[in-house]
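Visitor: from the sequence below, what's the structure:
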Amino acid sequence: MELLAEPLDWFFAEHYRHRQLCQMIDEISAATVFDGERIGRVVAFLAHDLALHVIDEEEDFFPLLRRRCRPEDEVEGVLGMLSAEHRADVAKASQVSDLLKTCLLKETAPGLDPARRKILSEFASQERRHLGLENAVILPIARLRLDADDLATLGRRLAARRGRVLHEPSA
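Guide: Numbering: from 1, shown residues only. Now for the predicted structure:
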């Protein structure tokens, strides 16, 4: 949680966690043996972590970037595309979660069904592409455009959303 004081580093680390989730989804989708513990971890991540991440970006990070970026940065198109993907990701995550909950109830490995494998694989691939774009384009621009006050405010908002309080550094 101390990374929240450095919100851009925190987003980068969070994106790494999301890539780890994608790897786990790929492994689950290929498995022909039921692994309830791992399936449950993915369901929990989608319900909590992914939902919070989308809110973090849509309510705080992206609006802040829109205010600070210059026209020549040409980020509006990218942010618009990422926001549209967030909406689609939430719907797709719900589908993936429902699919995995069914597997949990029936104690069935998702990899036994080609249709399930396809849904899981497509979701993981889309998430990786989305995270790559954010890491390659959005985070570097944010490092250029956001000042110390912006970052402190962003960090406090991210922390508050998680029930934490970031204290101002001592002078």
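
Visitor: helices of this protein, residue ranges please.
Guide: 7-30, 36-44, 51-55, 62-68, 76-106, 114-133, 139-145, 148-161 (DSSP state H).

Visitor: make a markdown table from those helices and add mean pLDDT to it.
Guide: As requested, the helices of the chain are arranged in a markdown table below (pLDDT from 0 to 100):
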| stretch | mean pLDDT |
| --- | --- |
| helix 7-30 | 97 |
| helix 36-44 | 98 |
| helix 51-55 | 95 |
| helix 62-68 | 97 |
| helix 76-106 | 96 |
| helix 114-133 | 97 |
| helix 139-145 | 98 |
| helix 148-161 | 95 |
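
Visitor: any chance of those helices in a markdown table with distance to H167 as columns?
Guide: For every residue, glycine as well, the C-beta is placed using N, CA and C. Below are the helices of the chain laid out as a markdown table (distance: least, CB to CB, whole Å):
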| stretch | distance to H167 |
| --- | --- |
| helix 7-30 | 15 |
| helix 36-44 | 29 |
| helix 51-55 | 22 |
| helix 62-68 | 21 |
| helix 76-106 | 31 |
| helix 114-133 | 30 |
| helix 139-145 | 23 |
| helix 148-161 | 10 |
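
Visitor: Throw these into CSV and include mean neighbour count, thanks.
Guide: Supplementary listing: the helices of the chain in CSV, determined by neighbours: other CB atoms under 10 Å:
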stretch, mean neighbour count
helix 7-30, 18
helix 36-44, 15
helix 51-55, 16
helix 62-68, 16
helix 76-106, 15
helix 114-133, 16
helix 139-145, 15
helix 148-161, 16
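
Visitor: quick one: contacts for the residue nearest to F12 when sequence neighbours are not counted?
Guide: Among residues not flanking F12 along the chain, L139 sits closest, at 6.1 Å (CB to CB, 6 or more residues apart in numbering). Contacts for L139 were tallied using CB atoms under 8 Å, 6 or more residues apart in numbering; they are L8, F11, F12.

Visitor: wait, L3 touches W10, no?
Guide: Yes: between L3 and W10 there is a contact at 4.2 Å, judged by CB atoms under 8 Å.

Visitor: so what's M1 scoring on pLDDT?
Guide: Note on M1: pLDDT of 52.

Visitor: please apply the same query to L4.
Guide: The model's pLDDT for L4 equals 87.

Visitor: right, and it touches R164 too?
Guide: Yes: L4 is within contact range of R164, at 6.8 Å (criterion: CB under 8 Å).
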